[in-house]
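1. My questions are about this predicted structure, shown below with the sequence.
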Amino acid sequence: MVMIFTLVTAVQEKLNEIVDQIKTRREEEKKQKEKEAEEAEKQLFHGTPVTIENFLSWKAKFDAELLEIKKKRMKEEEQAGKNKLSGRQLFETDHNLDTSDIQFLEDAGNNVEVDESLFQEMDDLELEDDEDDPDYSHADRESDLTD
């Protein structure tokens, strides 16, 4: 019995050592992975150091790209502008525009119908007097009457 107890105790101690080694190895691997991930993240943020030469070359490329974009826009605007006329150019070329508004107003004016029955009971309505309004002045009323 004593011998079995000694053997079982020795085996338990050995198993505990093995489990501890596995735990420490896993922790070390985890720390190593975190360290590698942190270094990889630092590498992403660590770029080329900016020097005068690097900046000037980048600036030249950037200005060239902007100039190309501006040229493309100007070409597109010119092509779109060829088809469109300004309001003044339309007015100068099309003489029907001189009288079109007047004709529209005349046509619309003849077609308006007013239902007079809606205005039969205007006396029953309580309308606010302008004299009760603090912003009202008699000069405004006189100018309205003279107009």
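-> Thanks, I have it.

2. Run through the residues that contact Trp58.
-> Taking Cβ atoms under 8 Å, 6 or more residues apart in numbering, we find Trp58 in contact with no residue. C-betas here are computed from N, CA, C, even on glycine.

3. Need phi/psi at it.
-> When read as degrees, to the nearest 10, the backbone of Trp58 gives phi -60, psi -40.

4. gap between it and Ile69?
-> 17 Å (Cβ to Cβ, to the nearest Å).

5. do His95 as well
-> Relative to Ile69, His95 is positioned 41 Å away (Cβ to Cβ).

6. got it, and Glu78?
-> Per Cβ to Cβ, Glu78 is found 15 Å from Ile69.

7. Same check on Ala37?
-> Noted for Ala37: a distance of 38 Å to Ile69, by Cβ to Cβ.

8. ok, and what's touching stretch 71-86?
-> Outside stretch 71-86, the residues that touch it by Cβ under 8 Å, 6+ apart are Thr93.

9. buried stuff in that stretch?
-> For stretch 71-86, a neighbour-count test (16 or more other Cβ atoms under 10 Å) marks nothing as buried.

10. from the middle of its chain, how far away would that stretch be?
-> On the basis of Cα atoms, centre = their mean, to the nearest Å, stretch 71-86 sits 26 Å off its chain's mean C-alpha point.

11. ditto for stretch 29-47
-> That offset, for stretch 29-47, works out to 35 Å (Cα atoms, centre = their mean).

12. quick one: the strands in the chain?
-> Counting by DSSP state E, the chain yields no residue ranges for strands.

13. low pLDDT regions in it?
-> Segments of the chain classed as low confidence (criterion: pLDDT under 70) are 81-82, 107-112, 122-147.

14. quick check: longest helix of it.
-> helix 2-45 (DSSP state H).

15. Distance across stretch 40-50, terminal residue to terminal residue?
-> 21 Å (Cα to Cα, to the nearest Å).

16. quick one: contacts of that stretch?
-> Contacts of stretch 40-50 (Cβ under 8 Å, 6+ apart): Asn54.
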